[in-house]
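Peer 1: structure for this input, please:
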Amino acid sequence: MSRYRPPSAQASPYITRAGVARLRAELQRLWKIERPQVTAAVSEAAKNGDRSENGDYIYGKRRLREIDRRVRYLSKRLEALTVVEQLPADQHKVFFGAWCTVRDGESTITRVRVVGSDETDVHPEYISIDSPLARALLNRARGDEIEFHHNGAIRTLYIEDVVYEQDVED
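Peer 2: A predicted model of the protein is given here:
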């Protein structure tokens, strides 16, 4: 069996103003607060002698690698991101940053917001612009019927409302 994995699809480089602020705050916290604390703990643990059986040293070094990996990722990702600040000219259609209210056949109403892939873990109603639902919603307007693939089945939804709101810290 081969260990080859095809490269994953590149995520869209779009993000909201609040999303980029969160990523910058995480980078700042990791670099200025957590990394110096872990470095000091590893330094103290290294003074205790045999490092091969020193749990504080081993786990501290592992945590340092995790922090450095995340810092590298965030630094590169922040350079590649495009902050979407302007509202679209046609605010009756679904574009990046739109809040959409959709209804399925059983009258179940769901409210979702189309955001960048780096923001979907912030709020349960946020969906990635790269997701099948968001791709089906893009450039559609209130009253439109959309179809998309979900868990191997085709789902049909109806767009009830499209609203654009200014970013607020969630």
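
Peer 1: tell me, which helix in the chain spans the most residues?
Peer 2: helix 55-80 (DSSP state H).

Peer 1: which parts of it are buried?
Peer 2: Using 16 or more other Cβ atoms under 10 Å as the test for burial, helix 55-80 gives 57, 60, 61, 63, 64, 67, 70, 71, 74, 77. (Glycine included, C-beta is placed from N, CA and C.)

Peer 1: do stretch 20-31 as well
Peer 2: Neighbour-count burial for stretch 20-31 [16+ other Cβ under 10 Å]: 20, 22, 23, 27, 30, 31.

Peer 1: with stretch 93-112 instead?
Peer 2: Along stretch 93-112, these residues count as buried under the neighbour rule (16+ other Cβ under 10 Å): 93, 94, 95, 96, 97, 98, 99, 100, 102, 112.

Peer 1: stretch 123-135 now?
Peer 2: 126, 127, 128, 129, 131, 133, 134.

Peer 1: closest one of the residues you listed to residue 81?
Peer 2: residue 129 (12.4 Å; Cβ to Cβ).

Peer 1: ok, the most centrally placed residue in the chain to residue 92 distance?
Peer 2: Central residue of the chain (Cα atoms, centre = their mean): residue 118, 2.1 Å from the mean position. Per Cβ to Cβ, to the nearest Å, residue 118 is found 27 Å from residue 92.

Peer 1: now do residue 67
Peer 2: In this view, residue 67 and residue 92 are 45 Å apart by Cβ to Cβ.

Peer 1: swap in residue 70?
Peer 2: Separation of residue 70 from residue 92 (Cβ to Cβ) stands at 40 Å.

Peer 1: and the buried residues of stretch 20-31, which is closest to residue 9?
Peer 2: When the buried residues of stretch 20-31 are compared for distance to residue 9 (Cβ to Cβ), residue 23 wins out at 20.2 Å.

Peer 1: residues contacting residue 23?
Peer 2: By Cβ atoms under 8 Å, 6 or more residues apart in numbering, residue 23 lies in contact with 15, 74, 77, 78, 81, 118.
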